[in-house]
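**Q** Provided below are the primary sequence and the corresponding predicted coordinates.
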Amino acid sequence: MQHFLDINKTSPKDLRGMIDAAKKIKDARHGLPKGALDQDLPLEGHMVALIFEKPSTRTRVSFDVGVRQMGGQTMVLSGADMQLGHGETIADTARVLSRYVDLIMIRTFEEATLLEMAEHATVPVINGLTNRTHPCQIMADIMTFEEHRGPIQGKKVVWSGDGNNVFASFAHAAGQFGFDLTFTGPETLDPEQKFLDEARAKGVSIEIERDPHKAVDGADLVVTDTWVSMHDPQSARERRHNQLRGYQVNAALMSKAKPDALFMHCLPAHRDDEATSEVMDGPHSVIFDEAENRLHAQKAIMQWCLGA
């Protein structure tokens, strides 16, 4: 049994295998209708529980479609459906679900919920997102970069904005895939030092540069994310805008990167806040390839988890 909990908890060899498998999965579907089954049906006869304590568009649709295309069935459960951890314990929920399904994907708030689910489940568990990390997104991002620019090893990736859960998984990926990573953002929103130290220990360059124009100099990839969460109160939104306004990814900032640099955003986006529409719809942007590749990358992750 193999859980997919975080990029740093999965071997570089297995991660590379998943990326390569995702590319093959995508190529094999070229020209097929979205509802058509894959040529192979690795999840035929399998039931997958998709748990959403935290709302989602891309994660829900991509996992649901991915399971169906591979011949499996899904059971979508919301936090309201389950009251996860508020009535029955998470440990007991994990044990019960393991009697009904073959695989659990959970998108939740607290990392502790994910870890307790994985500890007590007797089927594989996939991290669909926690407040600390978002590994499925970064697997899709690595796949997208390599589709357009070849191997990411040795490249320079720059993150502009908030040192959040998506950045944390980028830091994990830097260590496992061997690319350099620069964070540019206000000190008040720095990422956890642990994420930086762990990647540095694996021999890659992890830097913090407060000046965004210096940070993106020579970048192969520039990445940002939304400045505010849907759950943030208005007062928090205003503070974050004040802190992050200087880190907006706009044409002037992208001009400091390499001429063939790519731009990514995991979406949903608040256009003309963290990134301008000119950049999001411009020649550097691969945001919709990135969104599509969630489907293919996650299919590869599910196959790996099940040994399919």
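**A** Cool, the structure landed. Numbering: from 1, shown residues only.
**Q** pLDDT weak spots in this protein?
**A** Applying pLDDT under 70 to the chain flags residues 85, 230-232, 235.
**Q** in it, which spans are strands?
**A** 47-52, 73-78, 103-107, 125-129, 156-160, 180-184, 206-208, 221-224, 262-265 (DSSP state E).
**Q** would you format these as a markdown table with distance to Asp289 and mean neighbour count included?
**A** In short, each C-beta sits where N, CA and C put it, glycine included. As requested, these are arranged in a markdown table below (distance: least, CB to CB, whole Å; neighbours: other CB atoms under 10 Å):
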| stretch | distance to Asp289 | mean neighbour count |
| --- | --- | --- |
| strand 47-52 | 24 | 22 |
| strand 73-78 | 24 | 16 |
| strand 103-107 | 22 | 26 |
| strand 125-129 | 20 | 26 |
| strand 156-160 | 16 | 25 |
| strand 180-184 | 21 | 23 |
| strand 206-208 | 26 | 16 |
| strand 221-224 | 13 | 28 |
| strand 262-265 | 9 | 26 |
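**Q** mind checking these for the one nearest to Lys26?
**A** Nearest of the strands of the chain to Lys26, taken as CB to CB: strand 262-265 at 17.2 Å.
**Q** check the offset of whichever helix in the chain runs longest from the chain's centre.
**A** Looking across the chain with DSSP state H, the single longest helix is helix 287-306. How far helix 287-306 lies from its chain's middle: 10 Å, per CA atoms, centre = their mean, to the nearest Å.
**Q** packing partners for it?
**A** Helix 287-306 sits against helix 12-28, helix 58-69, strand 103-107, strand 125-129, helix 135-149, strand 262-265, with contacts defined as 3 or more CB pairs under 8 Å, 6 or more residues apart in numbering; DSSP states H and E.
**Q** list the buried residues for it?
**A** Across helix 287-306, burial judged by 16 or more other CB atoms under 10 Å covers 287, 289-306.
**Q** cool, stretch 56-76 as well?
**A** 58-60, 62-72, 74.
**Q** what's in contact with it?
**A** By CB atoms under 8 Å, 6 or more residues apart in numbering, the residues outside stretch 56-76 that reach it are 29, 34-38, 40-50, 52, 100-102, 105, 107, 128-129, 136, 266-268, 291, 294-296, 298-299, 302-303, 308.
**Q** so which bits of stretch 138-150 are buried?
**A** Buried, per 16+ other CB under 10 Å, within stretch 138-150: 138-147, 149.
**Q** just the closest of the residues you listed to Ala80, please.
**A** After measuring the buried residues of stretch 138-150 against Ala80 - CB to CB - the closest member comes out as Ala140, at 27.7 Å.
**Q** list the contacts for that closest one?
**A** By CB under 8 Å, 6+ apart, the contact set of Ala140 is 290-291, 293-294, 296-298.
**Q** let me have those in CSV, adding distance to Thr188 as columns.
**A** CSV is the format used below for the contacts of Ala140 (distance: CB to CB, whole Å):
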residue, distance to Thr188
Glu290, 28
Ala291, 29
Asn293, 32
Arg294, 30
His296, 36
Ala297, 32
Gln298, 33
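**Q** which ones are touching Arg121?
**A** Rather than Arg, residue 121 is Ala. Listed by CB under 8 Å, 6+ apart, the contact set of Ala121 reads 94-95, 97-98, 104.
**Q** my guess is Phe170 meets Val157, correct?
**A** Yes: contact criterion CB atoms under 8 Å: Phe170 and Val157 qualify, at 6.7 Å.
**Q** which residues do the two both contact?
**A** Applying CB under 8 Å, 6+ apart, one finds that Phe170 and Val157 are jointly contacted by 181, 223.
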